[in-house]
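Visitor: With the sequence up front, the predicted model follows.
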Amino acid sequence: MKKIGIGLDLGGTTMLATAVSEDGRILKQEIRETPAREKAKIILRSIVDLLRLVENWSLSENLEIVGIGLGLPGLVNFTTGVVELMPNFPKMRGFPIIDELKKYFDYKLFYENDASAALLGEYRFGAGKGVDDLICFTIGTGIGGAVLIDGKLLRGPEGFAGELGHITLDPDGPLCGCGNRGCLEALASSSAIVRRAKEIISEGKIKTLLSNYLEREEELNASIIAEEANKGDLLAQKVYEETGKWLGIAIGSLANIFNIYLFLIGGGVASAGDVLFKPMIDETFKRAMPGIREKIKIDRFKLGDNAGVIGASTLPFYAD
Ligand SMILES: [Zn+2]
């Protein structure tokens with residue numbers, strides 16, 4: 001019987017569940033909206049239903065389910081399985097999500113932070129294959145981070161390590177979802193990109209096509225800004241240049257701290273391309289020390305948006 005792992009990537013807007021083979025191939029995928037603002041029990045029900053769909057499909061295909069793996073956002077205590085903090089899920093705080101899920105499934109259950117799951121996906125099947133020291137960023141509405149050293153995830157006592165989005169870069173900078181000011185997340189996430197674009201538009205100094213969106217009251221988002229930047233819009237380019245710089249400052253510092261050379265960038269913002277990567281690579285080179293900086297490589301996720309769910313689904317295969 002062919003073995004598969006079932007996994008879930010829990011996002012603030014959508015959740016993704018898959019059945020994945022041992023060599024990292026997705027055999028079945030289900031997606032649905034996340035009722036993120038609802039009570040914890042309702043969110044749990046939704047997770048159970050989605051996993052059940054993939055489970056039933058797997059059983060009907062005569063596949064052997066090795067276990068279930070979860071990629072969870074925010075801070076979930078690695079020793080107790082209790083949600084410490086999930087900024088996008090206000091009513092999940094204090095919820096024993098792992099114990100609750102165990103009531104519904106008899107399989108072995110594994111979980112990691114969502115960015116860590118994405119890192120493991122890329123490390124095992126994607127752009128990080130064979131590289132035992134690497135760092136991942138997932139850049140969307142927030143910024144997730146994960147660190148792999150000697151082939152092992154850096155976790156810390158409760159599993160909270162690797163919150164790279166919450167490095168303070170600008171002490172008086174914009175307010176972050178975590179309550180601090182000037183975190184990398186508050187400066188370089190997709191929400192920060194939109195906020196910054198609106199700020200520069202309102203200064204009125206640079207002519208830009210983006211102001212049309214505001215006049216038509218159309219929603220401005222980070223991918224529209226990236227599109228305009230790639231077409232040559234100066235204001236949009238300035239926003240991505242600033243974003244790349246903030247990321248480069250963080251990456252250069254991290255390279256110095258950990259002696260890590262491979263940095264992988266995933267999430268929606270990563271698809272902006274050169275308008276983001278060029279300033280990011282230039283700034284990284286400026287900030288990292290000689291002897292280290294020459295070897296740094298910054299790349300995009302190879303598995304794209306599926307990195308997290310593939311990493312989560314294959315957790316059962318790697319359990320010791
Ligand atoms: Zn923060």
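Guide: Arrived safely, thanks for sending. For clarity, every value in this text was computed on a predicted model and none was experimentally measured. Numbering: from 1, shown residues only.
Visitor: residue ranges of the helices in the stretch 51-200 of the chain, please?
Guide: If DSSP state H, counting those that start in this stretch is used as the criterion, the helices of the stretch 51-200 of the chain fall at 97-102, 114-125, 184-188, 190-203.
Visitor: If you average the pLDDT over the second one, what comes out?
Guide: Along helix 114-125, the predicted local confidence has a mean pLDDT of 98.
Visitor: Helix or strand with the lowest mean pLDDT in this structure?
Guide: The helix or strand of the chain with the poorest confidence is helix 210-215; it has a mean of 86 (mean pLDDT, DSSP states H and E).
Visitor: ok so, going back, could the helices of the stretch 51-200 of the chain be laid out in TSV, adding mean neighbour count?
Guide: Where C-beta positions appear, they are placed from N, C-alpha and C, glycine not excepted. Shown next, in TSV, are the helices of the stretch 51-200 of the chain (neighbours: other CB atoms under 10 Å):
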stretch	mean neighbour count
helix 97-102	17
helix 114-125	28
helix 184-188	27
helix 190-203	18
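Visitor: thinking again about what came up before, and the contacts of the least confident helix or strand of the chain?
Guide: 197-198, 201, 219-220, 224-225, 228, 233, 235-236 (CB atoms under 8 Å, 6 or more residues apart in numbering).
Visitor: Any idea which of these the model trusts least?
Guide: Among the contacts of helix 210-215, Glu219 carries the lowest pLDDT, at 87.
Visitor: Quick one: residues contacting that one.
Guide: Neighbour list for Glu219: Tyr213 [criterion: CB under 8 Å, 6+ apart].
Visitor: wait, isn't Lys108 in contact with Pro316?
Guide: Yes - Lys108 lies in contact with Pro316 (CB atoms under 8 Å); the separation is 6.0 Å.
Visitor: returning to that earlier point: after the least confident helix or strand of the chain comes which helix or strand?
Guide: Note on helix 210-215: by DSSP states H and E, the next helix or strand toward the C-terminus is helix 222-231.
Visitor: Now do the buried residues in that next one.
Guide: With burial defined by 16 or more other CB atoms under 10 Å, the residues of helix 222-231 counted as buried are 222, 224-226, 228-229.
Visitor: how about JSON lines for the residues you listed, with distance to the ion added?
Guide: Shown next, in JSON lines, are the buried residues of helix 222-231 (distance: CB to the ion, whole Å):
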{"residue": "Ala222", "distance to the ion": "18"}
{"residue": "Ile224", "distance to the ion": "25"}
{"residue": "Ile225", "distance to the ion": "22"}
{"residue": "Ala226", "distance to the ion": "23"}
{"residue": "Glu228", "distance to the ion": "28"}
{"residue": "Ala229", "distance to the ion": "25"}
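Visitor: quick one: Ile200 from the ion, how far?
Guide: 22 Å (CB to the ion, to the nearest Å).
Visitor: mind listing what the closest residue to that residue other than its chain neighbours touches?
Guide: Among residues not flanking Ile200 along the chain, Leu235 sits closest, at 5.6 Å (CB to CB, 6 or more residues apart in numbering). By CB under 8 Å, 6+ apart, Leu235 lies in contact with 197, 200-201, 206-208, 210.
Visitor: hmm, try it at 6 Å
Guide: If you count contacts by CB atoms under 6 Å, 6 or more residues apart in numbering, Leu235 has them with 200, 206, 208, 210.
Visitor: now, which of those residues sits nearest Lys245?
Guide: Comparing the contacts of Leu235 against Lys245 with CB to CB picks out Ile200 as the nearest, at 14.6 Å.
Visitor: where does this protein dip in pLDDT?
Guide: Counting by pLDDT under 70, the ranges of the chain that qualify are 320.
Visitor: for it, which residue is closest to the average position?
Guide: Closest to where the C-alpha atoms of the chain average out (CA atoms, centre = their mean) is Thr138, at 3.1 Å.
Visitor: give me the beta-bridge partners of that one?
Guide: The bridge-partner assignment for Thr138, based on DSSP bridges, gives Gly144, Gly266.
Visitor: Once you drop chain neighbours, what's closest to Asn306?
Guide: The nearest residue in space to Asn306 (CB to CB, 6+ apart) is Ile26, at 6.5 Å.
Visitor: From what I see, the one you found and Ala19 are in contact.
Guide: No - counting by CB atoms under 6 Å, Ile26 sits too far from Ala19 to count as a contact (7.4 Å).
Visitor: out of the two, which sits in the busier spot?
Guide: Legend: neighbour count by other CB atoms under 10 Å for Ile26 and Ala19, higher for Ala19 (23 against 17).
Visitor: Quick check: the more buried one is in a strand.
Guide: Yes - assessed by DSSP: H, G, I helix; E, B strand; the rest coil, Ala19 belongs to a strand.
Visitor: show me what contacts it?
Guide: Contacts of Ala19 by CB under 6 Å, 6+ apart are 4, 6, 27-28, 54, 58.
Visitor: Rebuild the residues you listed as CSV, extending it with neighbour count.
Guide: Compiled in CSV, the contacts of Ala19 are given as follows (neighbours: other CB under 10 Å):
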residue, neighbour count
Ile4, 27
Ile6, 27
Leu27, 16
Lys28, 17
Val54, 24
Ser58, 19
